[in-house]
Each structure stands twice: as structure tokens, then as C-alpha cells.
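Asker: sequence and predicted structure below; questions after.
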Amino acid sequence: MPQSLPHSQTISHRGETVSIVQLTDTHLCKMQGGTLLGMDTDHSLQAVIDLVKAERPAIDLLLGTGDLSDQGALEAYRRLQEYFAQLTEVNCWLPGNHDDRANMTAVVVDPLRLCREIRLGRWQVLMLDSQVPGEVGGELGAQELAQLEQALAAAAKDELYSLVCLHHQPIKIGCEWLDEQMVADAPAFFSVLDRFPGVRGVLWGHVHQQVDSLHGDIQLMATPSTCVQFAPGSAGFKADSAAPGYRWLELLPDGTLQTGVSRVEDVSFTVDLDSGGYL
Ligand SMILES: [Fe+2]
């Protein structure tokens, strides 16, 4: 069962807006230089981090939204901490289907790393757990949804805007093979969100491609992996030649959420485009 949501931290931010970077689906292997579909996931993550350094020199919070390791190895999480620290020690993780929650917990020292709520200025960032151990697809479950509602109610009371993060996609994205893995209880998830007008965005990983959509006034955002990409609109598994990347978000004090995706342009990567799958 997912851990409860009480772990909350309030952190400061530098300017008028809250600057966030999301890195997702890093798929680090046990050994440095391990590959996913032929791509060295350490090499691609470092290339994305170098891009973030060049484009976003001052960020308030770095989010890692699951599949941070490829097979849940302790060594992968240890290296991840070092990679993320190149950008900021203010980074927070949530698990994906490839992660091992016990090993993530064993590696981290700073409680911020796995905290479930971060408050910055006028914003609340929630880190949900959609992992179902042993399953590829995602589900939040009654307990997580109840805690989400509780956290959103507290934010509403404190007049905060909310950004809700999770690993799996809560909407169909047009890839049949991935849509089978979407959050199983997505209708219940959105019925909770719909009760709180302060919710401004939902942010996830898992699909290894960019999605920008809307649910009413709520911005829905999926982000490229820092390694292999999946082809948009494909019925079955299909890798894509698009480059690794990341998403930036600027959260304004009036509740406006500005966002965009940036991809590595000047580095060549190997990817096995003829692979039949990776799970
Ligand atoms: Fe992934």
C-alpha cells in the first residue's frame, strides 16, 4: 500500500515565481553505463542535466517522477542522488513501476527526497504513488485518493494552488499499449481534483513522450524520458528517435502555471528502434 501523505515540508524559493524542473524515467541500471534499448541511461541523463544547467541555472525544486531506476537497484538510486545533486539538493522523488520502494527508502538520507507534500510560496506540490507492486499499470487506490483529498482541502484552506504529480498517466494519450497501463481509478482521481479549483496542474512520466492537454482549467502534462522515447500514436510498443529531454515549470503567485519541454540537441544517442518491447 502507498505510504501516507503526512510527510510535508515547506521550502523557500528565490524569486517571484517557483521554478521547477522535472526529470523522469531515468531508468538507471545497477551498473553505470547500463543500457535500455541500446541507450546508455547514465550518458543520456548526464546530457539532459548538462542541458538543464545551461538553460535553467536557478531552480527551486527538482522532481523525479518515477522509473528512476530500471530494475530497482540500490546502486541506481545512489547514483541518482549524485546526478540530481549536480542541479540541486532540493529534489524529491516518487516511485514508478520499475522502482523498488524499499531500496529507494534505504538509500535516501534527506527526508525531503521521499516527502509527499512540498509547499513553496503560494503553491503546494503533491507527490502521489500510483505504483502497484508487481504490475506495470498504475492505480492510486482508496487510501491514496483519501489522502489526496485531505491534502487538497488543507491547501484550499491555506489559499494555496496545487500541482499534483504521479508516475502513470491519468488520461489516454493515443498509444494503445500504454493506455492499457493508465491509472485504473482515473475517474475517481479527477472527481477529487474537480472539487478543488486551486488545482492548476497534473504532471506525470511513464509514457516517455510529451503530452500537453487540459482537464477543464487543469493543465495535464507528460514529459519525455531522460533516455529512450516512445513513439506517439502507436498501437503497439514502438521506440522513437526523438532526443531525451526534461520539462520546466514556472509557478506564478497568481496561480498561473507556465511550462515547456526542452530536448538535447547536440549529442547523438543510440537506440534500438526495432526492439519489440522493454518491459
Ligand atoms: Fe519508464
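Answerer: Yes, it's here. Predicted model only: the values in this text are computed from it and were never measured. Numbers count the residues shown, from 1 in each chain.

Asker: got the CA positions of the regular element (helix or strand) spanning residue 50 in PDB?
Answerer: Counting by DSSP states H and E, the element that carries residue 50 is helix 41-55. The C-alpha coordinates for helix 41-55 follow below in PDB (Å, rounded to 0.1, in the frame of the first residue of the first chain):
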ATOM      1  CA  THR A  41      21.000   5.700 -19.500                       C
ATOM      2  CA  ASP A  42      23.800   7.300 -17.400                       C
ATOM      3  CA  HIS A  43      25.100   9.100 -20.500                       C
ATOM      4  CA  SER A  44      21.700  10.400 -21.600                       C
ATOM      5  CA  LEU A  45      20.800  11.600 -18.100                       C
ATOM      6  CA  GLN A  46      24.100  13.500 -17.900                       C
ATOM      7  CA  ALA A  47      23.400  15.100 -21.200                       C
ATOM      8  CA  VAL A  48      19.900  16.200 -20.000                       C
ATOM      9  CA  ILE A  49      21.400  17.500 -16.700                       C
ATOM     10  CA  ASP A  50      24.000  19.500 -18.800                       C
ATOM     11  CA  LEU A  51      21.100  21.000 -20.800                       C
ATOM     12  CA  VAL A  52      19.300  22.000 -17.600                       C
ATOM     13  CA  LYS A  53      22.400  23.600 -16.200                       C
ATOM     14  CA  ALA A  54      22.700  25.700 -19.400                       C
ATOM     15  CA  GLU A  55      19.100  26.600 -19.600                       C
END
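
Asker: which residue is the nearest non-sequential neighbour of residue 152?
Answerer: residue 196 (4.3 Å; C-beta to C-beta, 6 or more residues apart in numbering). Glycine gets a C-beta too; all of them are placed from N, C-alpha and C.

Asker: burial measure for that neighbour, as a count.
Answerer: Residue 196 has 18 neighbouring residues, counting by other C-beta atoms under 10 Å.

Asker: same question for residue 13.
Answerer: Neighbour number of residue 13 under other C-beta under 10 Å is 19.

Asker: spit out the contact partners of it.
Answerer: Residue 13 is in contact with 19, 60, 61, 120, 121, counting by C-beta atoms under 8 Å, 6 or more residues apart in numbering.

Asker: just to revisit the earlier point, surely the residue nearest to residue 152 touches residue 160?
Answerer: No: contact between residue 196 and residue 160 fails when scored by C-beta atoms under 8 Å: they sit 10.2 Å apart.

Asker: gap between residue 179 and residue 83?
Answerer: Separation of residue 179 from residue 83 (C-beta to C-beta, to the nearest Å) stands at 31 Å.

Asker: more neighbours: which of the two?
Answerer: residue 83 (20 against 15).

Asker: using the three-state scheme, assign that one.
Answerer: Three-state assignment for residue 83 (DSSP: H, G, I helix; E, B strand; the rest coil): helix.

Asker: likewise for residue 134?
Answerer: Under three-state DSSP, residue 134 falls in the coil class.
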